[in-house]
Structure formats: C-alpha cells, structure tokens
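Visitor: I need the structure of the sequence given here:
(2 chains)
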There are 2 protein chains.
Amino acid sequence: MREVGTEEIADIARGAGILGTGGGGDPYIGRLLAETAIERHGPVTLVTVDEVAPDAVVVPVAMLGAPTVSQEKLPNGTETLAALRALEEATGVEATHLVPIEIGGMNSLIPLALAAETGLPVVDGDAMGRAFPEAQMVLPTLAGIPTSPMAVADDKGNTLVLRTVSNLWAERIARAACVATGCSVYTADTVMTGGQLADGLVAGTITLAGRLGAAARTARAEHTDPATAVAELVGGVRLATGKVVDVHRTTTGGFARGGATIAGTDTELRLSFQNEYLLAERDGEVVATTPDLICVLETDTGEPVTTESMRYGNRVTVLGIPGDPRWRTPAGLEIVGPRYFGYQSDYQPLPDRQV
Amino acid sequence: MREVGTEEIADIARGAGILGTGGGGDPYIGRLLAETAIERHGPVTLVTVDEVAPDAVVVPVAMLGAPTVSQEKLPNGTETLAALRALEEATGVEATHLVPIEIGGMNSLIPLALAAETGLPVVDGDAMGRAFPEAQMVLPTLAGIPTSPMAVADDKGNTLVLRTVSNLWAERIARAACVATGCSVYTADTVMTGGQLADGLVAGTITLAGRLGAAARTARAEHTDPATAVAELVGGVRLATGKVVDVHRTTTGGFARGGATIAGTDTELRLSFQNEYLLAERDGEVVATTPDLICVLETDTGEPVTTESMRYGNRVTVLGIPGDPRWRTPAGLEIVGPRYFGYQSDYQPLPDRQV
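Guide: Next up is the predicted model:
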C-alpha cells in the first residue's frame, strides 16, 4: 500500500501511454484529470493485488469510445462518478476499490481521478495488461467473469445499465449507445471480488507504467535513447526507427481505424490500428501482432504516440513488447488475436533480435 | 371494466392496424400473440381511464424498431415480460396496470398478451391516439412525464435500463441499442400514475379499434364499402381510392422509410412514410399530414395495409382521420408535425370534402 500524489502522475501517464499501444486515450488528458482531482481532494491510496481482501468489491471504471473524439470532446468531470453510482444502485453493492480496465493514457488515470474524488483505494493492475479497443477484450472474459451489469454514463447526464447474455453483447450495445451519444462515454462494469483479481488482472501495471515513464524521462534528461530504456525494462524489441510518411485514419463505428507507414533507413514498417496498433508488417512481412504490444514512441523524447495523434513527419521508434501469457493461449487469441480484427494473419511471436 | 377474450382480438387487431396509420407493427402477428396468450392464460380485464385509481402504476409496453424487420423476426415471447421486470426492478415499484404506448397492429395487442400472462388489467387507451415512429412522440412528453426510466429487452436475453435527461435522448439511445441488437426490441417505460392518465392517454382507443375492426368486417360481409363504414365512425375523409403503382422502402436507422404512389381514376396520391404514413400529396399538393391519421385500407376487405406490407398492385383506399387535438397545438406540432420529420410542409388540416 502506498500513496500516489501529483508528482507521480506525469510518469504514470507517459508509461501508460506507452503500454496503451496507441490507444486508451490521450495521456495528456488523463494526466490533467488525475492531477486536478488529486490537487483538489488529496493523494490516492494504491494497493497491490495481494493486499485486497477476498470479499472486496473491485470496480473498473473507464472511457469507452473513439480516442479521435475524446481528445476533443473532454469529459465534464461527472461521468465516471455517475457510472459508478448507477452501477452501485443497480447492484445494491458498494465499491470498495477502483481499478483500470486497461492501461492507456487516459484509462489508467480515470480510476485515480475518481479515487481521489471518492476516497476509494485503487488496485495496482488492470484487466488487459495493455489497451484493447473492445470492452469484452479483458482477462475477466477469459476467466468467465461477466461484464454485466455494466453502467454507462455520458456527458449530458444520461445513464444506462446493461445486463447482457455475454461480454460481447455488452460491447455491442454499449458501443451503439456510445456512438448515439457522441462517441465517448464512461463505464463502470466487470465487478470483481478480491478473490477474482488473480485471474482478472495483470498485477502491478500502474507501478510499471510509472517506472517506464520515469525511465523515458531520465533517458531524455541524460541524452540517452528513451526507447532503449523502455525496452530494457519490459523485454521489448525494436521493430523500427524512422519517420511517419503516411497516416490514414477514420472514425467509424465508435473507433479510430486506419494505418500508418514508418520509413526507416532501408526498411518500411506498416502499422494497422483500431484505436490500438494491432499489426506491424516490415517490407510486407508480419513482424508483430496483437496481443503483443506494438508501442510507438517519439524517438527523441520517449513520449507515447497514440493512434489519434500520429502525424506525418513524426520521428518515432516502434517497440514490440510481449503481451500477457494468458492472451497468447488459443482461448486468448480467439478474443484478441489478429484474425478477430479481420487481419489475414495468425498470431506471430515477436522476433528475438532487434532491427 | 370488462373482459376481452379471443373472439374480440381479430377486430381489435384490424381496427388498431387502421388507426396505426401504417405502423405499429403487423396486425396479424399482434393478433397471434394476443390470441395465444389469452387461450393459454384466460381473458384480459380491460378498464376505462375513469376506473383507474389515482395512485395506480400504469406501464406502457411495446415493440420498438423497424416493422420491416419485426414482421420477419418474431418475438420469442419473453421480451415484454423481461422489459417489465427490468423496469420494476430498477424502480422498485410494481406495475398495477398495462397500457399500449400506441395503437397499432402489434403494439395495441402486446399489452393484452402480457396482461393475459401476468394477470394485470389493461387500461383502454394509448399514449398517441395512433402510431408514431419515435418513442418521444407521446402525449406524456407534452405533459412533462418522462420516458425514463426505460427498460429495453431483446430476443437474446439482453436488457438495459435507461435514465435519460429528455424523452428524445431515450429514443436516441434505445434506437441505437435496437439497431445493434437486430432492429426490434421490446420496451417498458413512461410509467404513469392513474392521476396522470387524463393528460398522458387518448382514452378508449382499444374499444374504438374493436369497433372499427367490426365495422370493416360487417361491411365486407354485407358487400358494402368497408372504408366508408370506418370513416363514418371516426369522422374520416376519403383521400384516394386506387391502385398502388409504386412503393420504395428501405430499412435505415431502425425505421422503415419510403414512399408510395396510389393511382386513382384521374388523380394520383403520393404517400411518404417513416414506419407510419406521414404525408399525403394529391397531384403535387399536400392534402394530409401528421399528426392527422393517414390510413390505408384494402378497398375490398377493409384490412389495414401497413407500410411494410404495401405492394405494387394493392387496391387501396386512403382515409384521413383527425388526430388528437393536443397534437394539433403548436407544442404538439413541434414534436410530431411534418417539419420534425424533414418534410417541407406545415401542418395541413384535412379537407372537408371527400374526393
């Protein structure tokens, strides 16, 4: 158990933006939300998975939508609390802990902001070990833990509570409501007991994000390579360093979808994304796929480059980082493997050597 | 107070199909639903608005979606009860009465089917005095009675409970969920006390539907004109008699939208619809608009012709019937007038004389 104050937030946001593999929302907005809440209400208590009592009620809260929209349509600050309260009212149970549903720039910090406001502790971990675009793409789905009841709140004051027959139906209906209300909503769902956290979470990812963010910051200050510092901490592989020479991106169906090309000295890396970077091809050959993490950093600064902020001319380094082993099982790949997203490729383990 | 048995259902379905102005669902499916439920569970108690205690809890239940879909994707029979129970659980209040949200072939009879199953009485009336395509187009909206909380259930077992800041937002979010789950869902919403029914309902429309259906049936048996018999009962005006020479219809955004042309002896009537017939133009001139009822009957039989079942070659008679006076006020026209639907026409009172 430890306290998280404003001084850690920038590092967590940077590191979570890296682990978010291009998705999970804008780290800058996440940072502002958490810093403001902590300044106003005081620091947040972060507990490890081991410290959570088996009968604790742990509630993930998050933004759901297209990051291309949420970076311009900011939350009004009431949505996550409204979602939490709607969920508590529907279930008759009060949350004892909050936790991120995914590690991403915004979605790692939304629970910290709400924790500051409510006084609830946050569990150090998340339900993906990265960011994924769809709500059913969480370890609880693999573990048989339902997304329902799921509460959704928008910026206008509308709430809805879903009880669905599968986690995929929760995604479909919530996504439709999200699109109808302006492409970014806030959710509270996938309630877990403390005893379910070992199956439902990747432990320690908030602290890991902070360490990654600090490593990138330190490397920048010391004029060493931030991407190398990040890769060393998490067993990452360099897939490319170069310049963004093409980006195409559309906001459809409640997602930011598209692709990008990174031109290196003598190779070209093509990335495909749906909110998150999901597939990397080098000179026509698949070199990395979901569920492994494909992370794009500004080469000079180590700042994460999200799918919605990537621009022509960005100088970037692309890292591949092994995803959680549970995702690389046949059951995991069925939910988050490249074929689920429509790519004509099987899961491709990361190369051993760096480029 | 009186009992409604299976012998009345066919007349109610026919008459409700006429008052449904082309929408409100397929009368044949509505008839089957109600007859089956009454055969299995016994007759339904129908009470007048005056017989309802002021503190009664009156719940409209309905199908929401595109009738083009619901005529092929039949309910599995559990949806309306699931919606009612979800609403009761969310509000903590039990329904004492059911009522149709609109008079239409299916939506007038869904409450009777659920009433047979649950033993609840049905209030003789509905919240539109006709059918309209969107959920906020009800007299309760005019009276300041909220649609929320609104429960929605689909055929797969999914439910959602909406609490929205306006009745229009309830429509928008429910419609999006409807489209996501296959374009027909079932709803329980717009809870009214007995004391609110005078403002929230058009009284007596189930009985009126039965009388209209009986009048058409009798006329057919006596080889007189069914449309004339119907028009005489409700102050209707004949707008056209002729043959359907063109129909165009698409299912978009959760609605059946399109138009049709009726060729008479020396005139042509064009109809525009969004689930319901909303605008009638004779030789280029607007002769009837929402909120007045534009009703299409098979000329020979008096059977209602819905927007989803109209076909090239149908011999039809089109009647105009005055809508409820509350809809013809400026506040009413703002919600259901022709301009709301995008037609470039103001509300046009029905002609006095028949063609």
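
Visitor: could you pull out the strands for the stretch 51-200 of chain A?
Guide: A:57-65, A:97-100, A:122-123, A:125-126, A:150-153, A:159-163, A:184-188, A:192-193 (DSSP state E, counting those that start in this stretch).

Visitor: tell me which residues of whichever strand in chain A runs longest are tucked away?
Guide: The residue-count maximum for a strand in chain A (DSSP state E) belongs to strand A:237-252. By 16 or more other Cβ atoms under 10 Å in any protein chain shown, the buried positions in strand A:237-252 come out as A:237-242, A:244, A:247, A:251. (Glycine included, C-beta is placed from N, CA and C.)

Visitor: how about TSV for the strands of the stretch 51-200 of chain A, with mean neighbour count added?
Guide: Output for the strands of the stretch 51-200 of chain A, formatted as TSV (neighbours: other Cβ atoms under 10 Å in any protein chain shown):
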stretch	mean neighbour count
strand A:57-65	26
strand A:97-100	27
strand A:122-123	26
strand A:125-126	30
strand A:150-153	28
strand A:159-163	26
strand A:184-188	29
strand A:192-193	20
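
Visitor: Of those, which is nearest chain B?
Guide: Minimum separation from chain B across these (Cβ to the nearest Cβ) falls at strand A:159-163, 4.6 Å.

Visitor: Which strands and helices lie in contact with the closest one?
Guide: Applying 3 or more Cβ pairs under 8 Å, 6 or more residues apart in numbering or on different chains; DSSP states H and E, we find strand A:159-163 packed against helix A:79-91, strand A:150-153, helix A:167-180, strand B:159-163.

Visitor: quick one: buried residues of the helix ranked longest in chain A?
Guide: Criterion DSSP state H: the longest helix present in chain A is helix A:205-221. If you call a residue buried by 16+ other Cβ under 10 Å, then helix A:205-221 has these buried ones: A:205-217, A:219-220.

Visitor: can you list the residues that contact stretch A:29-48?
Guide: Residues outside stretch A:29-48 that contact it (Cβ atoms under 8 Å, 6 or more residues apart in numbering or on different chains): A:1-6, A:9-10, A:12-13, A:16-17, A:70-71, A:74-75, A:77, A:97, A:104-110, A:112-117, A:119, A:121-124, A:203-204, A:206-207.

Visitor: among the residues you listed, which ones are buried?
Guide: Buried subset of these (neighbour count, 16+ other Cβ under 10 Å): A:4, A:9-10, A:12-13, A:16-17, A:70-71, A:75, A:97, A:104-110, A:112-117, A:121-124, A:203-204, A:206-207.

Visitor: pretty sure A:Val237 is touching A:Ala231, no?
Guide: Yes: the pair A:Val237 / A:Ala231 is scored as a contact, 6.9 Å apart, by Cβ atoms under 8 Å.

Visitor: what is the mean pLDDT for the next helix or strand after the longest strand of chain A?
Guide: Toward the C-terminus, strand A:237-252 is succeeded by strand A:255-263 as the next helix or strand (DSSP states H and E). Averaging the model's pLDDT scores along strand A:255-263 yields 95.

Visitor: Report whether strand A:255-263 contacts chain B.
Guide: No: residues of strand A:255-263 contacting chain B under Cβ under 8 Å from any Cβ of the partner chain: none, with a closest distance of 14.3 Å.

Visitor: distance of the residue of chain A positioned farthest from its centre from A:Asn314?
Guide: Among residues of chain A, the one most distant from the C-alpha centroid is A:Asp266; the distance is 31.8 Å, by Cα atoms, centre = their mean. Distance of A:Asp266 to A:Asn314, given as Cβ to Cβ, to the nearest Å: 19 Å.

Visitor: try A:Ala260
Guide: Taking Cβ to Cβ, one finds A:Ala260 at 9 Å from A:Asn314.

Visitor: Can you give the domain ranges for chain A?
Guide: A:2-203, A:225-336 (automatic domain parsing).

Visitor: Show me what the strand or helix carrying A:Ala16 is packed against.
Guide: If you go by DSSP H and E, A:Ala16 is part of helix A:6-19. Contacts defined by 3+ Cβ pairs under 8 Å, 6+ apart place helix A:6-19 against helix A:27-41, helix A:205-221, strand A:293-298.

Visitor: Direction-wise, compare the longest one with helix A:27-41 and give the angle.
Guide: Taking axes from the mean of the first three to the mean of the last three Cα atoms, to 10 degrees, helix A:205-221 and helix A:27-41 form an angle of 110 degrees between their directions.

Visitor: got a list of contacts for helix A:205-221?
Guide: Contacts to helix A:205-221, defined as Cβ under 8 Å, 6+ apart, come from residues A:4, A:8, A:10-16, A:18-19, A:46, A:100, A:103, A:108, A:112, A:122, A:124-126, A:129, A:225-226, A:228-230, A:232-234, A:297, A:300-303.

Visitor: Compute the inter-axis angle for that helix and helix A:6-19.
Guide: Orientation of helix A:205-221 against helix A:6-19 (the same axes, to 10 degrees) gives an angle of 90 degrees.

Visitor: Same check on the first one?
Guide: Counting by the same axes, to 10 degrees, helix A:27-41 lies at 150 degrees to helix A:6-19.

Visitor: which is the next helix or strand following helix A:27-41?
Guide: That would be, after helix A:27-41 and using DSSP H and E, strand A:44-47.

Visitor: strands paired with that following strand, and their directions?
Guide: Using DSSP bridges, the strands paired with strand A:44-47 are strand A:2-4 (antiparallel), strand A:122-123 (parallel).

Visitor: just how off-centre is it within its chain?
Guide: How far strand A:44-47 lies from its chain's middle: 19 Å, per Cα atoms, centre = their mean, to the nearest Å.

Visitor: Contact residues of chain A facing chain B?
Guide: A:86, A:90, A:156-165, A:169, A:172-173, A:175-177, A:179-181.

Visitor: Mark which of the residues you listed are buried, thanks.
Guide: Using 16+ other Cβ under 10 Å as the threshold, A:86, A:90, A:158-164, A:169, A:172-173, A:175-177, A:179-181 are the buried ones among the residues of chain A next to chain B.

Visitor: quick revisit: and A:Ala260 and A:Asn314? which has more neighbours close in?
Guide: A:Ala260 (26 against 18; other Cβ atoms under 10 Å in any protein chain shown).

Visitor: Confirm for me that the more buried one is in contact with A:Gly242.
Guide: No: the pair A:Ala260 / A:Gly242 is not scored as a contact, 11.0 Å apart, by Cβ under 8 Å.

Visitor: returning to what we had before: can the strands of the stretch 51-200 of chain A go into JSON lines with extra columns for mean pLDDT?
Guide: JSON lines is the format used below for those (pLDDT from 0 to 100):
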{"stretch": "strand A:57-65", "mean pLDDT": "97"}
{"stretch": "strand A:97-100", "mean pLDDT": "98"}
{"stretch": "strand A:122-123", "mean pLDDT": "98"}
{"stretch": "strand A:125-126", "mean pLDDT": "98"}
{"stretch": "strand A:150-153", "mean pLDDT": "98"}
{"stretch": "strand A:159-163", "mean pLDDT": "98"}
{"stretch": "strand A:184-188", "mean pLDDT": "97"}
{"stretch": "strand A:192-193", "mean pLDDT": "98"}
